[in-house]
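>>> Next input, structure requested:
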Amino acid sequence: MSKCSFAQQSLEYLGHIINEKGVSTDPKKTEAIGNWPVPVDAKQLRSFLGLSGYYRKFIKGYGTISRPLTDLLKKNSLFHWTPQHQLCLDTLKHALVSGPVLALPDFIKGFHIETDASANGIGAVLSQNHHPIAYISKSLGPKAPAMSTYEKECVALILAVTKWKSYLQHREFTIATDHHSLVHLGDQKLLEGMQHKAFIKLLGLQYKIIHKKGWKIKLPTPYLDNLTHLRCWLHPQSHQGLEIIVEGYDQDAHSKQLLAKLALTGSNEKGFSLQDGVIRYKNRIWLGNHKEAQQAILLALHSSGLGGHSGITATYQKVKSLFAWPHMK
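Okay, here's the model as predicted:
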């Protein structure tokens, strides 16, 4: 009985915190991830990916984001750390340290799946009432360029239904996709292999496939709960976006001190300046240590439709051209 606890409002279990709000990562575990040093060899990188991968269900697009890192572990691959790899590492760290609270499933209510596919990866989110229960993602292999968009969307559907079948088999659920042809899967002649596989996975399940246009699918994240918020970060000239950035300076001692000095001098020899109340570093928006803002930008430009599902190199250049923060390579 000494190891038992009763009538607890919060419970630690296998690296997770479970309470009435749902399931979240254990801060003691994710703090170690956030403080993880830059890997100097494949062994250190493998350790990081092993620990971060344990929490992959909390991160939208984990497979796609981590792909450049996993490529470094391939046989005969030269371990050469680049700014692009650093971006991947920072993105995963931010996502884990600021991870969302995932809802606990309610089997009385119906489930909702939203799938998406990009050039190099696929993903899906399982949710109820717009609150995520789990994320899943997978990077596509070397055959990805030869796959049609329809095939990739089918693979995303198969991945999601296979992973979450135990949740879906009890009552009707919906699947949202931005590929209109997939809506008519049940009425189509099964001419392609992926069609057969998707149809077989759905046999015996009560489902409805609905269409949502492109990036208007609102995959919920802890940072971007609507498109207005997303546009604030991608277009920093937005008045609302600037207000949020300035408010973030109050949460960062260094930026707060820097803001006070620039208010008197206007600029300094290190490349910082103050324009319309916003700190700029070499003409880029300075975010300081505002982790939520950093994560929002990284995830938005890397994996959202507004970012065009850019590759990691293009993402790094987009982020670097618009924003800056401490230790950004």
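>>> What distance do you get for Tyr249 to Ala293?
11 Å (CB to CB, to the nearest Å). The way it works is simple: take the backbone N, C-alpha and C, and place the C-beta from them, glycine included.
>>> tell me, what's touching the two both at once?
Overlap between the neighbourhoods of Tyr249 and Ala293 is empty, taking contacts as CB atoms under 8 Å, 6 or more residues apart in numbering.
>>> ranges for the helices of the stretch 201-329 of the chain?
Using DSSP state H, counting those that start in this stretch, the helices found in the stretch 201-329 of the chain span residues 227-234, 239-249, 253-265, 291-303, 312-322.
>>> for the stretch 51-200 of the chain, same thing?
When assigned using DSSP H, counting those that start in this stretch, the helices of the stretch 51-200 of the chain occupy the ranges 62-71, 83-97, 149-163, 165-168, 193-202.
>>> Ile33 is nearest to which of those helices?
Each of the helices of the stretch 51-200 of the chain was checked against Ile33 via CB to CB, and the shortest separation belongs to helix 83-97, namely 5.0 Å.
>>> Could you tell me the least trusted of the helices of the stretch 201-329 of the chain?
If you rank these by mean pLDDT, helix 227-234 sits at the bottom with a mean of 41.
>>> re earlier: with mean neighbour count, distance to Gly50 and mean pLDDT as added columns, please give the helices of the stretch 51-200 of the chain in TSV.
Output for the helices of the stretch 51-200 of the chain, formatted as TSV (neighbours: other CB atoms under 10 Å; distance: least, CB to CB, whole Å; pLDDT from 0 to 100):
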stretch	mean neighbour count	distance to Gly50	mean pLDDT
helix 62-71	21	11	86
helix 83-97	21	12	82
helix 149-163	21	20	87
helix 165-168	15	25	91
helix 193-202	16	29	77
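>>> any chance of those in a markdown table, plus distance to Lys320?
Shown next, in a markdown table, are those (distance: least, CB to CB, whole Å):
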| stretch | distance to Lys320 |
| --- | --- |
| helix 62-71 | 16 |
| helix 83-97 | 8 |
| helix 149-163 | 29 |
| helix 165-168 | 40 |
| helix 193-202 | 37 |
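>>> right, and those helices - which one's nearest Ser5?
Within the helices of the stretch 51-200 of the chain, the stretch nearest Ser5 is helix 83-97; the backing value is 26.2 Å (CB to CB).
>>> Pull out the buried residues from whatever helix or strand Lys43 lives in.
For Lys43, the enclosing helix or strand under DSSP states H and E is helix 42-53. By neighbour count on 16 or more other CB atoms under 10 Å, the buried set for helix 42-53 is 45, 48-49, 51-52.
>>> Identify, from those residues, the entry nearest to His85.
Among those, and counting by CB to CB, the member closest to His85 is Leu45, at 8.7 Å.
>>> and the residue nearest to Ser52 when sequence neighbours are not counted, what does it touch?
Of all residues not flanking Ser52 in the chain, Leu92 sits nearest, at 5.3 Å (CB to CB, 6 or more residues apart in numbering). By CB under 8 Å, 6+ apart, Leu92 lies in contact with 33, 52, 59, 62, 65-66, 69.
>>> if we go to 10 Å?
Shown in contact with Leu92 (CB atoms under 10 Å, 6 or more residues apart in numbering): 33-34, 36, 48-49, 52-53, 55-56, 59, 62, 65-66, 69, 298.
>>> Repeat that for His80.
Counting by CB under 10 Å, 6+ apart, His80 touches Leu72.
>>> With Ala42 as the reference, measure out to it.
His80 is 11 Å from Ala42, where distance means CB to CB.
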